[in-house]
Structure formats: structure tokens, C-alpha cells
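[1] Need the 3D shape of this:
(chains A and B)
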Amino acid sequence: MEGLKIVVVGGFGVGKTTMVRSVSEIRPLNTEETMTQAGLGIDNTGGVADKTTTTVAFDFGRISLSEQLVLYLFGAPGQERFWFLWDRLFAGTLGAVVLVDTRRLEDSWYAIDRLEHHGTPFIVARNNFPGAQHGLEEVRDALTLSPDVPLIDCDARSRESAKNVLITLVNHLYALSSARETAS
Amino acid sequence: MTTTNPNLEWLLENLVESTPGANHALVLSRDGLKLCHTRALGIDRADQLAAIAAGVQALSQSASVEFGDGTGGVRQSMTEFHGGVLFIVEAGEGAHLAVLASEDADVGLIGHKMDELVEQIGAFLTSPPRHPRHSQPA
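    Residues are numbered from 1 along each chain as shown, chains lettered A, B, ... in the order given. So this is what the prediction gives:
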């Protein structure tokens, strides 16, 4: 059996906790806290006005894609004040999902920069919030993603859709590792 | 809400002064933002400690839910690291009280002093939800 550590990253309120929760086969670790008035003017809920809770440590869940392959999912917290946790979460990570909301694409830049800096392979999944109007190619341009980074649509609330994101990531990791083997 | 309340700050200063080994005290919101703190802690370190303490408490609560009696209640989180000890207790609604102490501090005394402060003024150590409770998703 092979276990892969995967992180789910992205800006504040893009649906990281929702995604881990919807695919996990065990009860997910939940470190969500009620957003308090102390965060007014700091945690900007523009576009996600009905958001009432936020992750203050990390999410954890597990999904078996087959009898041989188990994914351990760590969802990072989105706000800048919790970024100090990311280094620890990234240790030993084989791949990452960057979740983006096209209404607030700029929130994804930090995650993408960090992953590129760490050299961690990743894919980008656009979470389909209502009102998303851009084509995926526009999203690719806006994020200046290299053509070999997979970019797909998803609905983080749906188990099947979230699972599809993870399968896309695993396929991407296998493709990268076979490319490396061929090259060497 | 993030402006420091001078009366609360004075009470925190008093807590640190009257408790041997205690160096800094901070009241933070559960979502990881400082509400008020002792002056010597400084703004930057208060911001860091608020985020750290909120994370520690959230993980402690998850440990309580999974392995405790299921209510998620946490009496106290205590971390002994090289060079100091961090204590965190629940304060009023939506808030926690954190104290940083020296390595050789009397942990029982500090815990007691923190509980005492929360008992006296916990009602003022709060950070209310941004949204009315009924609007929370199930």
C-alpha cells in the first residue's frame, strides 16, 4: 500500500475545508472557528458573504483511491496570519491542489509562488462558485500558469468532483515521475 | 475591536506582575486575532501569538472531541518548550487567554491565576460572532 501526502491550499474562503470534508472517508479533523468581530476589516468575506467560520490550524482527511493508494489530505489555513504553518504542512508533501475562486484570483498567487519555490508539483482547480464567468484559458493566463500544470473545474461540495480533482493530481504526479525516469 | 482596551490591559499587566514566572499575557479571539495584551509583548509578537494560540486551542478541541467526552471542552492547553511555557485557557465567549511564562514557573499557580482572572472578568474577555448565530450553516 502506498500513502501519499497531499496538501490543499489557496486563499481565504475558496473552499479548502469543504473539499477535504466532502472527500474524506474518515471523520475529518476540523479546526474551524466562528469568525468574530475582531476580524472585521482583516478577513475580507467579499464574494463569500455567508461565510461564518474559518480554519485556524489545518484540515485533515483520508481517502483511498484504490487498495494500493491512500491519500492523506492536509488543508492549509488561508489567512496570512496562519501562513507560518505552511512550511510544516508542506514537509513530505508529494503534491498539492491549489483551489481558486475566479472572483478573487489574486488570493491564489501566494500559494502558487510558495509551491513553485518549494518545487512541489501541483494542479489548479477552479471551484465553481455561482457567478464564475471566465473560461479556464483566461484563468490560466491570469495566473500565468505554465502549460504543463493541469487546470480543471470542480465543485468542492461534491464528493465525486473533489475525488476527480485528486485523481487528476495523482495522474499528474505519475506523469511527472515517469517523465523523470525516461529522462534519466 | 482590535484596539486595546486600557482597563483590560491593566488587568493583564496586573496578572503578569502578581504571578511569579509569568512574562506576557494576551487575550485573543478564537479566530486568531489579538484583542489586548501586556505592553512588553509588542504588537508583532502579539499578532503571532494570537494566531498560534488559536491554532493550538482548535487542535486541542479536536483532540477533546475525538478522544474526550465528546463535548469538545478544553480546560487548558500547556506547551513546555525550550526556554518557556505557553498556557491557554478559554476566556469569555469567542475568546482565549494566553500567558507566556519562564521555564521554571510554577505551572499550578499560573493556571490558577488565569482561571481566577477569567472567573472575575471573563464576561468582558469576549469577541462576538460577526454573523448572528442562526445564519450558521448546519
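
[2] any idea where the strands of the chain begin and end?
    All of this is about chain A. For chain A, the strands defined by DSSP state E occupy A:2-9, A:32-34, A:53-55, A:59-64, A:69-75, A:95-100, A:122-127, A:151-154.

[3] I was after chain B.
    Using DSSP E, the strands of chain B run over B:22-29, B:34-37, B:77-81, B:84-90, B:95-101.

[4] Pipe the strands of chain A into TSV and attach mean pLDDT per row.
    Shown next, in TSV, are the strands of chain A (pLDDT from 0 to 100):
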stretch	mean pLDDT
strand A:2-9	94
strand A:32-34	92
strand A:53-55	94
strand A:59-64	96
strand A:69-75	96
strand A:95-100	97
strand A:122-127	97
strand A:151-154	96
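
[5] Report the distance from the lengthiest helix in chain A to the chain centre.
    Longest helix in chain A, counting residues (DSSP state H): helix A:159-183. Relative to the chain's own centre, helix A:159-183 is displaced by 14 Å; criterion: CA atoms, centre = their mean, to the nearest Å.

[6] likewise stretch A:62-74?
    Stretch A:62-74 has its C-alpha centroid displaced from the chain centroid by 16 Å (CA atoms, centre = their mean).

[7] Which positions in it come out as buried?
    Going by neighbour count (16 or more other CB atoms under 10 Å in any protein chain shown), the buried part of stretch A:62-74 is A:Arg62, A:Ile63, A:Leu71, A:Tyr72, A:Leu73, A:Phe74. Heads up, the C-betas are built off the backbone N, CA and C, glycines and all.

[8] ditto for stretch A:156-174
    Buried residues in stretch A:156-174, counted by 16+ other CB under 10 Å: A:Ala156, A:Ser161, A:Ala162, A:Lys163, A:Asn164, A:Val165, A:Leu166, A:Thr168, A:Leu169, A:Val170, A:His172, A:Leu173.

[9] what's the answer for stretch A:118-135, then?
    Within stretch A:118-135, the residues that count as buried by 16+ other CB under 10 Å are A:Pro121, A:Phe122, A:Ile123, A:Val124, A:Ala125, A:Arg126, A:Asn127, A:Asn128, A:Phe129.

[10] and residue 136, what pLDDT?
    Picked chain A for this. Looking at A:Leu136, its pLDDT reads 91.

[11] Hmm, no, I was thinking of chain B.
    42.

[12] quick one: contacts for the residue most central in space within chain B?
    The centre of chain B sits closest to B:Leu97, judged by CA atoms, centre = their mean, with a distance of 1.9 Å. B:Leu97 sits next to B:Ala25, B:Leu26, B:Val27, B:Ile88, B:Val89, B:Glu90, B:Ala91, B:Met114, B:Leu117, B:Val118, B:Leu125 when contact means CB atoms under 8 Å, 6 or more residues apart in numbering or on different chains.

[13] Which positions in the least confident helix or strand in chain A by mean pLDDT come out as buried?
    Here the helix or strand of chain A ranked lowest by mean pLDDT, DSSP states H and E is helix A:86-90, holding a mean of 88. Residues A:Trp86, A:Leu89, A:Phe90 are the ones in helix A:86-90 that count as buried (16+ other CB under 10 Å).

[14] Which member of those is positioned nearest A:Glu138?
    Using CB to CB, A:Trp86 is the member of the buried residues of helix A:86-90 that sits closest to A:Glu138, with 27.6 Å.

[15] The closest one against A:Ala76, yeah?
    Yes. Between A:Trp86 and A:Ala76 a contact is recorded at 5.6 Å, counting by CB atoms under 8 Å.

[16] Need the overlap of contacts for those two.
    With contacts taken as CB under 8 Å, 6+ apart, the residues that reach both A:Trp86 and A:Ala76 are A:Val9.

[17] where does chain A come near chain B, residue by residue?
    Applying CB under 8 Å from any CB of the partner chain, we find that chain A lies next to chain B at A:27, A:29-40, A:42-43, A:50, A:52-54, A:56-57, A:77, A:79, A:81-82, A:84-85.

[18] let's see it at 7 Å
    Within chain A, the positions adjacent to chain B are A:29-31, A:33-40, A:42, A:50, A:52, A:54, A:56-57, A:81-82, A:85 by CB under 7 Å from any CB of the partner chain.

[19] Give me the buried entries from those residues.
    Buried subset of the residues of chain A next to chain B (neighbour count, 16+ other CB under 10 Å): A:29-31, A:33-39, A:42, A:52, A:54, A:56-57, A:81-82, A:85.

[20] Next to chain A, which bits of chain B? Give me the list.
    B:1-2, B:29-33, B:35, B:47, B:51, B:54-55, B:58-59, B:62, B:94, B:127-131, B:135-136.

[21] Pull out the buried members of the residues you listed.
    By neighbour count, with 16+ other CB under 10 Å, the residues of chain B next to chain A hold B:1-2, B:29-33, B:35, B:47, B:51, B:54-55, B:58-59, B:62, B:94, B:127-131 as buried.

[22] Brilliant, that's me finished.
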